[in-house]
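Student: below is the sequence, then the predicted model.
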Amino acid sequence: MGQDNSEDALAKKGRMVALVIAGAMVFWILAQWIGPQLGMPGRFALLIDFAVLAALVWSMIVTYQIWRARQDTKG
């Protein structure tokens, strides 16, 4: 029963990681498309790039944590 709760928690974390990755990519693509049309300076584009990179690094760290937790439950 305790293992089911941990699997549910890991699945929830996995869904959250997937949403962050997808959301970051959609945000980045839209920002790259809309930015020049609005005359946004390049420094804001760089800031957006760094924010998306931070989201992707965070998602890699959480994915690694999920992988380690699943390895620990296997035995």
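Tutor: Noted; the coordinates are in hand.

Student: what residues of the longest helix seen in the chain count as buried?
Tutor: Taking DSSP state H as the criterion, the chain has its longest helix at helix 2-38. Neighbour-count burial for helix 2-38 flags 10, 17, 21, 24, 28, 31 (criterion: 16 or more other C-beta atoms under 10 Å). To be clear about C-beta, it is placed using only N, CA and C from the backbone, and glycine gets the same treatment.

Student: with distance to residue 55 and pLDDT as added columns, please give those residues in CSV.
Tutor: Output for the buried residues of helix 2-38, formatted as CSV (distance: C-beta to C-beta, whole Å; pLDDT from 0 to 100):
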residue, distance to residue 55, pLDDT
10, 20, 93
17, 10, 98
21, 8, 98
24, 4, 98
28, 9, 96
31, 13, 95
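
Student: can you redo those as JSON lines with distance to residue 59?
Tutor: Shown next, in JSON lines, are those (distance: C-beta to C-beta, whole Å):
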{"residue": "10", "distance to residue 59": "15"}
{"residue": "17", "distance to residue 59": "5"}
{"residue": "21", "distance to residue 59": "5"}
{"residue": "24", "distance to residue 59": "8"}
{"residue": "28", "distance to residue 59": "13"}
{"residue": "31", "distance to residue 59": "18"}
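
Student: out of those residues, which comes closest to residue 62?
Tutor: residue 17 (5.2 Å; C-beta to C-beta).

Student: test my guess that the closest one contacts residue 56.
Tutor: No. Checked against C-beta atoms under 8 Å, the pair residue 17 and residue 56 is beyond contact range at 10.2 Å.
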